[in-house]
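Novice: let's see this in three dimensions:
(one chain, ligands or ions: 1)
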Amino acid sequence: MNTPSNLLIKLSRRLFENLNEQERFVEALTNPQPFHPCILWGTEKPEIPPFQVEAPSPWQPNFIDRLSLGQKPGQHPLHEKGNFYCLDFSSVFAASTLLTISDHIDLVLDMCAAPGGKSIFAWKNFHPDLLISNEVIGKRLGMLISNFKRCHIKPSIIVNRDSSILAEIMASSSHLAIVDAPCTGQSLLAKGEKAPGCFHPTAINKSANRQKRIIANSAKIVAPQGYLAYMTCTYSPEENEQVSEWFLERFTQFQAVEINHLKEYQSHLTTIPCYRMFPQDRLGAGAFTVLFKNTDEGEVKEVNMNLLSGVWTNILEK
Ligand SMILES: C[S@@+](CC[C@H](N)C(=O)[O-])C[C@H]1O[C@@H](n2cnc3c(N)ncnc32)[C@H](O)[C@@H]1O
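Specialist: Next up is the predicted model:
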């Protein structure tokens with residue numbers, strides 16, 4: 001067990017009033033325990049389940065399976081064939097806000113896409129006419145492309161652009177924009193991984209400023225009556241509730257949507273309906289999620305596909 005830093009203890013006091021909850025949170029980060037592996041079925045599930053599966057949460061979509069501890073889905077031949085994608089249950093939690101959208105979604109833009117979990121979740125849930133997945137960091141494109149190829153994700157385009165460029169090229173065009181923002185990655189500790197400096201105020205502030213820039217550019221892409229899903233895998237309120245509050249103050253055409261199936265996870269750190277999963281509850285390492293709706297009426301604009309210049313494209317057939 002690692003000794004908790006003062007910054008971690010301080011954060012636990014800001015997150016929870018209850019002393020026992022503070023201690024459980026700190027323990028989850030300093031003495032990490034394995035979480036159940038999880039898969040997203042891109043194809044139909046086989047009649048004979050290839051894995052031992054845990055009882056599903058009431059809100060879990062049927063294309064997700066949470067597996068028993070010790071299962072190694074990444075080593076199964078169906079993984080190589082692209083039948084499923086491995087992801088954390090925290091990612092499923094964060095993406096589950098999308099399950100409340102009943103409108104037909106033609107176009108999805110995932111602004112921060114690699115390695116591809118939220119894109120694939122949205123693709124499976126909505127069967128959009130087109131999925132555009134963006135990854136700005138060049139060296140992370142390879143894993144995104146290989147996951148899309150392996151799982152036969154189409155029709156889709158992968159692009160490598162700064163959010164400000166996409167805001168121009170794709171203004172008011174997308175029925176759904178997903179911002180799974182780069183963050184300080186504090187929940188990596190709950191998975192036994194390293195995230196140096198993740199509780200330091202300078203790192204948190206820098207990360208929050210980047211998140212505000214990305215969400216502001218992404219908002220410009222959302223079509224009238226469309227949605228913007230914002231999520232992170234970190235705990236500090238500055239990167240989560242405070243980004244959401246900042247966003248609603250500046251982009252007054254957006255409203256946060258209540259997510260009924262996540263009611264018991266509602267954050268008490270803001271009056272906005274935002275939702276959190278914490279590692280001490282043992283479902284996943286942690287996530288923050290909020291869904292905004294653009295209340296503007298008006299015209300949905302077309303994307304100029306020539307300006308997008310995808311680095312990988314698979315739009316031949318659905
Ligand atoms: C939390 S990860 C995304 C995980 C992915 N959505 C998934 O579910 O597999 C955040 C991503 O944002 C990317 N990123 C970093 N800086 C960015 C920026 N300025 N604008 C957009 N994305 C950025 C990172 O390279 C990283 O791939």
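
Novice: how about residues contacting stretch 33-41?
Specialist: With contacts defined as Cβ atoms under 8 Å, 6 or more residues apart in numbering, stretch 33-41 is touched by 51, 54, 63-69, 71-73, 83-89, 91-92, 117, 120-121, 124, 191, 282-285. C-beta: built from backbone N, CA, C; applies to glycine.

Novice: what about the residues you listed, which are in helices?
Specialist: 89, 91-92, 117, 120-121, 124 (DSSP state H).

Novice: the ligand next: which of the residues you listed are close?
Specialist: Restricting these to those adjacent to the ligand (criterion: Cβ under 6 Å from any ligand atom) gives 91, 117.

Novice: list just the nearest of the ones in helices among the contacts of stretch 33-41 to Asn240.
Specialist: Ser91 (15.6 Å; Cβ to Cβ).

Novice: number of nearby residues for the closest one?
Specialist: Per other Cβ atoms under 10 Å, the neighbour tally for Ser91 reads 23.

Novice: look up how far Ser133 lies from the nearest residue to it once chain neighbours are set aside.
Specialist: Residue nearest to Ser91 in three dimensions, not counting chain neighbours: Gly117, with 4.7 Å by Cβ to Cβ, 6 or more residues apart in numbering. According to Cβ to Cβ, to the nearest Å, Gly117 stands 11 Å off from Ser133.

Novice: more neighbours, these two?
Specialist: The neighbour count for Gly117 versus Ser133, taken as other Cβ under 10 Å, is higher for Ser133 (30 against 23).

Novice: what kind of secondary structure is that one in?
Specialist: Here Ser133 is strand, with the state taken from DSSP: H, G, I helix; E, B strand; the rest coil.

Novice: residue contacts, it?
Specialist: Per Cβ under 8 Å, 6+ apart, neighbours of Ser133: 110, 113, 116, 119, 144, 148, 156-159.

Novice: check Ser267 too.
Specialist: 240-241, 274-276, 288.

Novice: so what's the most centrally placed residue in the chain bridging to?
Specialist: Central residue of the chain (Cα atoms, centre = their mean): Asp180, 4.2 Å from the mean position. Beta bridges link Asp180 to Met231, judged by DSSP bridges.

Novice: which ones are touching it?
Specialist: With the criterion set at Cβ under 8 Å, 6+ apart, Asp180 makes contact with 94, 110-113, 117-118, 231-232.

Novice: swap in Gly82?
Specialist: 42-43, 149-152.

Novice: next step: the contacts of Ser267 restricted to helices.
Specialist: Glu241.

Novice: for the contacts of Ser267, could you give me a markdown table that also reports pLDDT, distance to the ligand and neighbour count?
Specialist: Listed next are these as a markdown table, based on pLDDT from 0 to 100; distance: Cβ to the nearest ligand atom, whole Å; neighbours: other Cβ atoms under 10 Å:
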| residue | pLDDT | distance to the ligand | neighbour count |
| --- | --- | --- | --- |
| Asn240 | 98 | 13 | 27 |
| Glu241 | 98 | 18 | 20 |
| Cys274 | 98 | 17 | 27 |
| Tyr275 | 98 | 17 | 23 |
| Arg276 | 98 | 16 | 23 |
| Phe288 | 98 | 11 | 30 |
